[in-house]
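# Pasting the sequence and the predicted coordinates here, then a few questions.
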Amino acid sequence: MTDRRDDDGIELAFLLGLGFQLLLGEFTRRVGEAGYADLRPAHGMTFQVLQGTGATASELAERLGVTKQAAGQIVDDLEKRGYVRREPHPEGGRRKLVVLTAAADEHLAVAGRILHELEAELGGSVDLGALRGELGRLVRTLNGEGPLPPLRPVW
């Protein structure tokens, strides 16, 4: 690839993907430096799904766009690390509800702080308000007025 210093002629999908990759990479690096090097973006996405009332492993799989087996493996791993626990489902039956522990809540607080710091730094060179507005319009144009789909890696 040639060394380009502007975005003229670069496809929109490539710019969006590259921007996401670079932002996520820097965010992940900083979260690791803050003591969470054992967690990856997929774990953060899992925490986002489970925030609040939690979810079953099947619901988690659907929201993450992975198989039930993969969701179960993520839950098993995070449970061993102390970030989630399984509880009886409030509706009874054999289903279990996966909920976040205090350790996951602490991680989310640290990650949120880091993300806001990173955005503040970027705001010095990029009009983030305008960027958010334009990306929001792009998403609504592509998605329509319904609820937003879950963010899933598609590559």
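Ah, there it is. Numbers count the residues shown, from 1 in each chain.
# and the residue lying closest to L148 once chain neighbours are set aside, how many neighbours?
Leaving aside its chain neighbours, L148 sits nearest to V139 (7.0 Å; criterion: CB to CB, 6 or more residues apart in numbering). For every residue, glycine as well, the C-beta is placed using N, CA and C. For V139, the count of nearby residues is 12 (other CB atoms under 10 Å).
# Any chance you could list what contacts stretch 102-110?
Contacts with stretch 102-110, where a contact means CB atoms under 8 Å, 6 or more residues apart in numbering, come from 31, 34-36, 39, 47, 50-51, 78, 81-84, 100.
# Helices of the protein, start to end?
Taking DSSP state H as the test, the helices found in the chain are 12-31, 41-50, 57-64, 68-80, 102-122, 128-143.
# With mean pLDDT and distance to E91 as new columns, can those be given to me in a markdown table?
Below are the helices of the chain laid out as a markdown table (pLDDT from 0 to 100; distance: least, CB to CB, whole Å):
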| stretch | mean pLDDT | distance to E91 |
| --- | --- | --- |
| helix 12-31 | 93 | 35 |
| helix 41-50 | 92 | 17 |
| helix 57-64 | 92 | 12 |
| helix 68-80 | 95 | 19 |
| helix 102-122 | 96 | 23 |
| helix 128-143 | 94 | 31 |
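# between these, which one is nearest to H89?
Of all the helices of the chain, helix 57-64 sits nearest to H89, with 10.6 Å by CB to CB.
# tell me which residues in the closest one are buried?
57, 59-61, 63-64 (16 or more other CB atoms under 10 Å).
# measure the spatially most central residue of the chain to G123 for me?
Here the mean C-alpha position of the chain is nearest to the C-alpha of M45 (CA atoms, centre = their mean), at a distance of 3.5 Å. As for M45, its distance to G123 is 24 Å (criterion: CB to CB, to the nearest Å).
# any idea which of the contacts of stretch 102-110 is closest to L151?
Of these, the one sitting nearest to L151 (CB to CB) turns out to be F47, at 13.0 Å.
# Fine by me, thanks again.
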